[in-house]
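Novice: predicted model follows, preceded by the sequence.
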Amino acid sequence: MHCANCGEKVEEGARFCAKCGAATNSSHHVAAHRTGTGKPFGIGRLGRLAFFVGIVIAPIIFGIAMYSGMPSVVVDTLALVWLVWLVSIIIGRAHDLGYSAWFSILIILVCAIPVLNAIMLIYLCAAEGSNTSSEYGLPPKGSVSELLHFWRA
């Protein structure tokens, strides 16, 4: 079997071309690439721009809700949604850097330490992800719109 994008020979059963990273012909594999890895929650890879926007927007929305006089139940619900949101984008960013979701636990623990949290945030926003396909999918497109679609199951 050969890659439809670059013509390179692709091993049978491979989901992506090792040379160019394009998905193989199977529509199932193309769908798995677009939604992540086909693993639970479909968390794939998240690029630097989308990660930065996600880190900036979530606290602003939560802060507005917290100080706007909303009922405590609404603020608590938003806090839970915010926590899930932050963990999921940290996992997506770790995937783009080539680390597993388990490594993101270490990232979250480091982010709880003053000064180290700023260093980790700068690293996550500045480090360039892999330009080739990985077990977590193809490289992110580099747009903010990927933030809306990256953890669809």
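Specialist: Sure, I can see it. Numbering: from 1, shown residues only.
Novice: residues in contact with the helix ranked longest in the chain?
Specialist: Counting residues, the longest helix found in the chain (DSSP state H) is helix 72-96. Contacts of helix 72-96 with the rest of the structure, by CB atoms under 8 Å, 6 or more residues apart in numbering, involve 41, 43-48, 50-51, 54-55, 58-59, 61-62, 65-66, 100-101, 103-104, 107-108, 124, 129-130, 134, 136-137, 139-140, 147, 150-151. Heads up, the C-betas are built off the backbone N, CA and C, glycines and all.
Novice: spatially central residue for this protein, please.
Specialist: G92 (2.2 Å; CA atoms, centre = their mean).
Novice: which residue is the nearest non-sequential neighbour of that one?
Specialist: Leaving aside its chain neighbours, G92 sits nearest to L46 (3.1 Å; criterion: CB to CB, 6 or more residues apart in numbering).
Novice: was I right about that neighbour contacting G137?
Specialist: No: between L46 and G137 no contact is recorded; they are 10.3 Å apart, counting by CB atoms under 8 Å.
Novice: re earlier: how about the secondary structure of the residue nearest to G92?
Specialist: When classified by DSSP: H, G, I helix; E, B strand; the rest coil, L46 comes out as coil.
Novice: residues near it, how many?
Specialist: Other residues lying near L46 total 28 when counted by other CB atoms under 10 Å.
Novice: the one 10 residues further on too?
Specialist: Residues within reach of V56, counting by other CB under 10 Å, total 10.
Novice: distance from the host helix or strand of it to the middle of the chain?
Specialist: Assessed by DSSP states H and E, V56 sits inside helix 48-67. Its chain's average C-alpha position is 15 Å from that of helix 48-67, according to CA atoms, centre = their mean, to the nearest Å.
Novice: now it: mean pLDDT?
Specialist: Taken as a whole, helix 48-67 carries a mean pLDDT of 82.
Novice: between it and helix 72-96, how big is the angle?
Specialist: 170 degrees (axes from the mean of the first three to the mean of the last three CA atoms, to 10 degrees).
Novice: list the buried residues for helix 48-67?
Specialist: Neighbour-count burial for helix 48-67 flags 48-52, 54-55, 58, 62, 65 (criterion: 16 or more other CB atoms under 10 Å).
Novice: which helices and strands sit right next to that helix?
Specialist: helix 72-96, helix 116-126, helix 146-149 (3 or more CB pairs under 8 Å, 6 or more residues apart in numbering; DSSP states H and E).
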